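Novice: next one to model:
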Amino acid sequence: MKRKLILLILILLLGFLAWRLFVATFSQEPIEIIVEDKEEVTPEILDDTLEASTDDTIEASIDTSAQTKETTTAPPKEEPARLTSSDFIINKKVSWGYSSSNDRTIDTVVVHSSYDALGSKPYDLDGLIDEYKQYGVAPHFLIDRKGNVYRLVDEKNIAYHAGVSKMPDGRTGANNFSIGIEMMNTKEDNYTDKQYSGLNDLIDYLESQYKIKYVLGHEDISPDRKTDPWNFDWKEVNSNNAIH
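Specialist: Okay, here's the model as predicted:
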């Protein structure tokens, strides 16, 4: 009897425990998994994003370009090409009015003016050259009224064009280190534009060949004897070595 009672109690206890386990299992609330809402990415949003990104990139590029322009130093201006060819010079060499030389230093250009005072045509080329012959003188170059440049004496030789002379730096005997250029003109007339053009071409060429320090007039080195070049406008000379 006692054994049956104990067995009954055990059965009741196991049944109670089984019931509690069942109640505990099915009475628990399910765990809720919460996912944070994220903004839905739509094609419109993507387009807006791309557009904003593109605008920012363009603006940044423009700003960078502007800064580059502001900070970039402008390149120096190129100087005009120097005339180094003597193709424009017409050779009409004479056999008088100079002495030969092979080693002289040339650093001066002397501008003169002259005309044929012995003939009826003051601007006759051959008449003027013949006048030089009668006086036993000659320039290295002669420029006629049309701007044609004639070479009468080679630059290496000492042409008798200046006579007694004194340079601004005190040197005398300018013939020894100078180039003489005669401009065909009278004391009353003015030089033609073509003459100035031919003179500038010639000076440019000479400066490309020699270390020229002075470009001046006959009157600058012989003020007591000479007044040429007559009516000459030194503003028309492009050389930086002109003393006027």
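
Novice: now do the contacts for V237.
Specialist: With contacts defined as Cβ atoms under 8 Å, 6 or more residues apart in numbering, the neighbours of V237 are Y196, L199, N200, I203, V215, H244. (C-beta placed from N, C-alpha, C; glycine too.)

Novice: out of the residues you listed, which are inside strands?
Specialist: Under the assignment DSSP state E, those contribute V215 to strands.

Novice: any of the contacts of V237 buried? List them.
Specialist: Y196, L199, I203, V215 (16 or more other Cβ atoms under 10 Å).

Novice: wait, S114 touches D228, no?
Specialist: Yes. S114 lies in contact with D228 (Cβ atoms under 8 Å); the separation is 7.2 Å.

Novice: neighbour-wise, which of the two wins?
Specialist: Comparing S114 with D228 by other Cβ atoms under 10 Å, the one with more neighbours is S114, at 22 against 19.

Novice: pLDDT score for the more buried one?
Specialist: Reported pLDDT at S114 in the predicted model: 98.

Novice: quick one: contacts for it?
Specialist: L128, E131, E182, M183, M184, N185, D228.

Novice: the helix or strand of the chain with the lowest mean pLDDT: what's the following helix or strand?
Specialist: Among the helices and strands of the chain, helix 43-71 carries the lowest confidence by mean pLDDT, DSSP states H and E, at a mean of 43. Once the chain leaves helix 43-71, the next helix or strand it forms, by DSSP states H and E, is strand 89-91.

Novice: next, the buried residues of that following strand.
Specialist: Of the residues in strand 89-91, those buried by neighbour count under the rule 16+ other Cβ under 10 Å are I89.

Novice: can you tell me the strand partners of it and which way each runs?
Specialist: According to DSSP bridges, strand 89-91 forms sheet pairs with strand 149-151 (parallel).

Novice: avg pLDDT for the partner strand?
Specialist: Mean per-residue pLDDT for strand 149-151: 98.

Novice: mind listing the strands for the protein?
Specialist: Using DSSP E, strands in the chain cover 89-91, 98-99, 108-114, 141-143, 149-151, 158-159, 178-184, 214-217.

Novice: for I11, which of the ones you listed is the nearest?
Specialist: Minimum separation from I11 across the strands of the chain (Cβ to Cβ) falls at strand 214-217, 138.6 Å.

Novice: grab the nearest non-local neighbour of L199.
Specialist: I143 (5.9 Å; Cβ to Cβ, 6 or more residues apart in numbering).

Novice: in this structure, where is pLDDT below threshold?
Specialist: The model of the chain has pLDDT under 70 over residues 1-8, 10, 13, 15-82.

Novice: try 90 this time
Specialist: For the chain, the stretches flagged by pLDDT under 90 are 1-84.

Novice: what's around N241, how many residues?
Specialist: Neighbours of N241 (other Cβ under 10 Å): 17.

Novice: how near is it to S120?
Specialist: Separation of N241 from S120 (Cβ to Cβ, to the nearest Å): 38 Å.

Novice: hang on, the earlier thing: identify the bridge partners of the residue nearest to L199.
Specialist: Assessed by DSSP bridges, I143 has beta-bridge partners V149, M183.

Novice: wait, it touches T192, no?
Specialist: No. Checked against Cβ under 8 Å, the pair I143 and T192 is beyond contact range at 9.6 Å.

Novice: the two - which one has more neighbours?
Specialist: I143 (27 against 17).

Novice: how about the contacts made by S165?
Specialist: With contact taken as Cβ under 8 Å, 6+ apart, S165 is in contact with T172, G173, A174, N175, I221, S222.

Novice: no wait, G136
Specialist: Counting by Cβ under 8 Å, 6+ apart, the residues that G136 touches are W96, G97, Y160.

Novice: give me that answer again for 6 Å
Specialist: By Cβ atoms under 6 Å, 6 or more residues apart in numbering, the contact list for G136 reads G97.
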